[in-house]
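In: sharing a sequence plus its predicted fold:
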Amino acid sequence: MIGREDKKTNDLFFVCSLIDYIARNTKNRRSYVVKKLGKERIEKIYDLADIYHSYNIEQVAEEFSEESKILEGTFDNIKQCNYAIPTHWDIGKVYKRLIIGVAATKKIEVIEALFEVYNSFICDLIDDYNGSFYFENPQFILETYLAGKVEY
């Protein structure tokens, strides 16, 4: 292990941050971006994240958006935000932690957990930057996901 987390955890962080970056730039929901990228492409990004991470994220996002034929959407949670906007790196970290927790709890592969998470109700909560859910404790976010609803 080099750094504070193992390589694959850092690779997942990059994948999640890239998904968020693409979603923001194309004004799409994260689930749409994940669907358009597809399992094979996401596995490739995950496997080669250490290489892609050394490039400009704008360039990487543009190439994968074009390759995946991701169209311009109408979901703009940045424009709708009334407060400080979390970066794609901030939100990538939230998703990374959740996906790792889901994979460990359900004893499934990380990419399978990624698809489950991004295609669930939890994205609406995390991607509402006017709310505070994305600031919650990672364990609370995981428990909310596993419960299938918010329980305060």
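Out: Here it is on my side, so go on.

In: could you list the low-pLDDT ranges of the protein?
Out: 1-3, 152 (pLDDT under 70).

In: how about the strands in it?
Out: For the chain, strands defined by DSSP state E do not occur.

In: in the protein, mark out all the helices, start to finish.
Out: 7-26, 30-47, 49-52, 57-67, 88-106, 110-118, 122-126, 138-147 (DSSP state H).

In: which elements pack onto the shortest one?
Out: What it means is helix 49-52. helix 7-26 (3 or more Cβ pairs under 8 Å, 6 or more residues apart in numbering; DSSP states H and E). C-beta here means a position set from N, CA and C on the backbone, and glycine is covered the same way.

In: and the angle for the helix it packs on with helix 57-67?
Out: Compare the direction of helix 7-26 with that of helix 57-67 by axes from the mean of the first three to the mean of the last three Cα atoms, to 10 degrees and you get 70 degrees.

In: how far off centre is helix 7-26?
Out: Computed by Cα atoms, centre = their mean, to the nearest Å, the chain-centroid distance of helix 7-26 equals 5 Å.

In: tell me the buried residues in it?
Out: The neighbour-count check on helix 7-26 (16 or more other Cβ atoms under 10 Å) flags 9-26 as buried.

In: report how many residues lie close to the residue nearest to Leu114 when sequence neighbours are not counted.
Out: Leaving aside its chain neighbours, Leu114 sits nearest to Ile99 (5.1 Å; criterion: Cβ to Cβ, 6 or more residues apart in numbering). When counting by other Cβ atoms under 10 Å, one arrives at 26 neighbours for Ile99.

In: can you tell me how far Ile99 is from Ser17?
Out: The gap separating Ile99 from Ser17 is 12 Å, by Cβ to Cβ, to the nearest Å.

In: so what's the nearest residue to Thr74 once chain neighbours are set aside up against?
Out: Leaving out its chain neighbours, the residue that sits closest to Thr74 by Cβ to Cβ, 6+ apart is Lys27, at 6.0 Å. Residues in contact with Lys27 (Cβ atoms under 8 Å, 6 or more residues apart in numbering) are Glu72, Gly73, Thr74, Phe75, Asp76.

In: measure Lys27 to Phe14 for me?
Out: 22 Å.

In: excluding residues flanking it in the chain, which one is nearest Glu43?
Out: Per Cβ to Cβ, 6+ apart, closest to Glu43 is Ile111, 5.7 Å.
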